[in-house]
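Novice: Structure for the following, please:
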Amino acid sequence: ALLARVAVILCVAIPRAAATETWEQRLRRESIKVDGDEVTTMSVEALQAHIARHALDQEPREMSGPWVDDPAANDDDAKRMLDVDDAATRGPAPVPASRCAPPGADQLVKLGWQYNAWKYYPAPIDVATAPVYYGVGVGRDLTFDAALLRTHPNLEAHAFDNTPVATQFVKALGRAGGVPTNWRWHELLLAGRDVRAIEVALPKGRSDSFTPASDDGVYHDLGGKGGQTRRVIGVNERAGGRARRLPARPLWRVMETLRHAYVDVLKVDVEGAEFDVVDAWEAYYGDRGPPACQLLFEWHERFYPDGGQTSGDKSRMASGRALREGAEAALARMGFKKVDCDGSECVYWNCNRCPSLENQ
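Specialist: Model prediction:
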């Protein structure tokens, strides 16, 4: 489901209620009140079904997350986070690459609803004084974020997504009492370049995953015969039948505004924009990479099966496989080691930024 998330933005299609749900699930779904006049990007039944997957044990509240830039930031030349003295930040001292030993895949823990669950390594969060989590891409599911906050009550959690689907879902979930009190939502996408907005679209046949807008209106996604990708032309009418230009910022601008020098866990699910995001990270941060320890990443190379144009400074025509290989090579150059992949969702450990695990 770009801070663009970055934010950004998830790929779970909900069947119409009924066929697969039990009578208990149906009663729970139907008991959730939704203002149909405010639901334009999906059916009321689909929204109720997504809400019903969450523990509705919080005080109902009106959700709003307008993004306001740090007025002290220099818009012409933002200070690099790399220039911040490590000793003055709350992040751990860097570990020499020669001593970097990421956790094993068997040490990872999986949280969240079965079709939107993510793996991560809890030990560094448990010992951190003031751990920070960024979830880029909300879509229609907060189950991972909510489970993470229940497991780590001292975690400072920030989520980013301003696509219409995510906005309507978060507001409805808040009214239903499903948003944790210590979960902060920002109506913002994750950009690659240092821009203030990016153009995204919801392709025809897709229910909730806004993706970088295509210049020619052609998109690709799963759904073809035998699980192959299919070619789609045009934008979903529920999204207005057109691409949208939405506020976005690169990671370094976001961290400046939120006054974070270090992020313990960074989850990125930005529906095909991740290739430009990784390029931008390497260009900005260099071989030390962004100041984040664990990177939870979903790859969407399926959106570019035969080559496709991405939205960076230069257009690129390359297959999705080539785009992913290039992006993973860039992550490796920035010190990220792959810990595990579960389908398209992977966990990476930043050898330049993560704490030593020798005593864990």
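
Novice: Strands of the stretch 101-250 of the chain, residue ranges please.
Specialist: Under the criterion DSSP state E, counting those that start in this stretch, the stretch 101-250 of the chain carries strands at the ranges 109-111, 118-120, 132-136, 156-160, 183-186, 189-190, 197-201, 211-212, 218-222, 229-233, 244-249.

Novice: Tell me what angle the last one forms with strand 156-160.
Specialist: Interaxial angle, strand 244-249 versus strand 156-160 (axes from the mean of the first three to the mean of the last three C-alpha atoms, to 10 degrees): 150 degrees.

Novice: Pairing partners for strand 244-249, with directions?
Specialist: Under the criterion DSSP bridges, strand 244-249 sits next to strand 189-190 (parallel), strand 197-201 (antiparallel) in its sheet.

Novice: average pLDDT for the next helix or strand after it?
Specialist: Using DSSP states H and E, the helix or strand that follows strand 244-249 in sequence is helix 251-258. For helix 251-258, mean pLDDT rounds to 96.

Novice: Quick one: residues contacting Glu21.
Specialist: Going by C-beta atoms under 8 Å, 6 or more residues apart in numbering, Glu21 touches Arg29, Ala49. Every residue, glycine included, has its C-beta placed from N, CA and C.

Novice: Check for me that it belongs to a helix.
Specialist: No - counting by DSSP: H, G, I helix; E, B strand; the rest coil, Glu21 is not part of a helix but coil.

Novice: The closest residue to Pro122 other than its chain neighbours - how many residues pack around it?
Specialist: Of all residues not flanking Pro122 in the chain, Val109 sits nearest, at 5.5 Å (C-beta to C-beta, 6 or more residues apart in numbering). Neighbour count for Val109, taken as other C-beta atoms under 10 Å: 13.

Novice: same check, this time on Ser31
Specialist: Counted with other C-beta under 10 Å, Ser31 comes out at 11.

Novice: next one: Val268
Specialist: Neighbour count of Val268, defined by other C-beta under 10 Å: 29.

Novice: circling back: adding distance to Pro291, write the strands of the stretch 101-250 of the chain out as a markdown table.
Specialist: A markdown table is the format used below for the strands of the stretch 101-250 of the chain (distance: least, C-beta to C-beta, whole Å):
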| stretch | distance to Pro291 |
| --- | --- |
| strand 109-111 | 23 |
| strand 118-120 | 17 |
| strand 132-136 | 10 |
| strand 156-160 | 15 |
| strand 183-186 | 18 |
| strand 189-190 | 15 |
| strand 197-201 | 23 |
| strand 211-212 | 25 |
| strand 218-222 | 33 |
| strand 229-233 | 35 |
| strand 244-249 | 16 |
